[in-house]
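1. this one's sequence-less:
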């Protein structure tokens with residue numbers, strides 16, 4: 001369906017008891033989307049668009065915090081937008097746009113930096129980990145949690161789906177919003193985090209102690225959403241297991257088998273430990289996982305192929321979403337500028 005262009009209503013900070021919950025999710029265009037993204041983020045947002053006000057943005061500004069190829073940023077952004085639509089995100093129900101096309105993100109970012117301490121940003125775990133791996137660290141890597149706070153607070157959202165690796169950033173968002181409100185008057189809704197189900201964590205098939213990632217160099221253990229069937233099967237059949245002879249669900253001692261069972265459960269429903277009893281060998285389990293994953297990804301891949309024939313439609317959806325987002329965000333920035341002293345009351 002074509003986007004309706006109807007803007008989302010913008011609540012005020014003084015009336016946070018909005019009947020419909022507003023939720024936001026951002027995806028960073030640094031690589032191809034994979035099975036973990038589908039299970040942990042995309043499927044929940046598609047299901048949630050029917051009961052929440054759903055905002056989804058492609059965080060291309062965040063992709064600039066590390067070394068990147070400019071053309072790839074644009075390619076991944078369009079590809080991810082197309083996949084989201086192929087997976088069922090409805091632009092008539094959800095707001096979908098590209099972060100850099102809404103300048104209020106960066107405008108609010110600076111205002112929030114004026115209410116954030118250097119030590120708070122420097123203590124972020126991801127900054128410490130990533131900066132330790134590089135000789136030259138971009139300043140944007142230090143400040144991007146504050147940009148993330150701006151992403152969230154810009155839309156007066158109530159809930160933010162967040163995994164364990166991002167929970168510290170959400171807490172910083174809550175801290176900065178609370179501090180800003182206390183210093184300058186009620187301006188922002190302080191959002192709450194929504195943790196995904198344990199089964200939403202899809203691990204790398206080649207290294208089940210690490211999560212699947214878009215930027216994995218080899219991709220051997222990552223099932224990308226656009227992988228053809230034969231590639232999916234090959235990756236699953238080569239998945240790391242363990243020396244045991246029976247199939248059992250034990251995430252601590254048998255993470256590889258547990259990961260396969262959790263993937264199967266995410267495709268078929270049910271509990272991983274119950275599903276384990278249905279398979280007498282690793283070969284049977286892997287064949288079942290390969291078939292279930294392919295069955296889940298096939299309609300997305302087919303719809304993606306259709307949409308990719310007309311990239312103009314996807315670009316129009318993003319342009320319409322950006323226009324709606326700018327309209328909604330303008331009020332938030334105006335409130336913040338007035339509260340902090342840049343505008344008269």
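-> The structure has been received and is ready for your questions. Predicted model, so just to flag it, every value in this text is computed and none were measured. Residues are numbered from 1 along each chain as shown.
2. with adjacent residues omitted, what lies nearest to residue 288?
-> With C-beta to C-beta, 6 or more residues apart in numbering as the criterion, residue 288 has its nearest non-adjacent residue at 6.2 Å, and that residue is residue 264. All C-beta atoms are positioned from the backbone trio N, CA, C, and that covers glycine.
3. show the average pLDDT along the helix or strand harbouring that neighbour.
-> Counting by DSSP states H and E, the element that carries residue 264 is helix 255-268. Confidence over helix 255-268 (mean pLDDT, whole number) is 96.
4. which elements pack onto that helix?
-> On a contact count with 3 or more C-beta pairs under 8 Å, 6 or more residues apart in numbering; DSSP states H and E, helix 255-268 meets helix 272-275, helix 282-308.
5. may I see the buried residues of the first one?
-> Applying a neighbour-count criterion of 16 or more other C-beta atoms under 10 Å, the buried positions in helix 272-275 are 272, 275.
6. tell me the mean pLDDT for that helix?
-> 95.
7. what does stretch 318-330 give?
-> If you average the per-residue pLDDT over stretch 318-330, you get 97.
8. give me the domain ranges for this structure.
-> Per the record's domain assignment (automatic domain parsing), the chain is made up of the domains 22-196+310-340, 229-304.
9. give me whichever of those domains is most buried.
-> Per-stretch averages of neighbours, counted by mean count of other C-beta atoms under 10 Å, single out domain 22-196+310-340 among these, with a mean of 19.
10. now do the end-to-end distance for it.
-> This stretch, domain 22-196+310-340, spans 25 Å end to end (C-alpha to C-alpha, to the nearest Å).
11. might one say that residue 195 is in contact with residue 162?
-> Yes - Residue 195 lies in contact with residue 162 (C-beta atoms under 8 Å); the separation is 6.7 Å.
12. other SSEs contacting whichever helix in the chain runs longest?
-> Longest helix of the chain, by residue count under DSSP state H: helix 311-340. Applying 3+ C-beta pairs under 8 Å, 6+ apart, one finds that helix 311-340 contacts strand 53-58, helix 70-86, strand 95-98, helix 104-113, helix 167-184.
13. could you pull out the helices for the stretch 1-150 of the chain?
-> 35-37, 43-48, 70-86, 104-113, 118-122, 125-132, 139-153 (DSSP state H, counting those that start in this stretch).
14. which of those helices sits closest to residue 303?
-> Using C-beta to C-beta as the measure, helix 70-86 is the one of these that comes nearest residue 303, at 3.9 Å.
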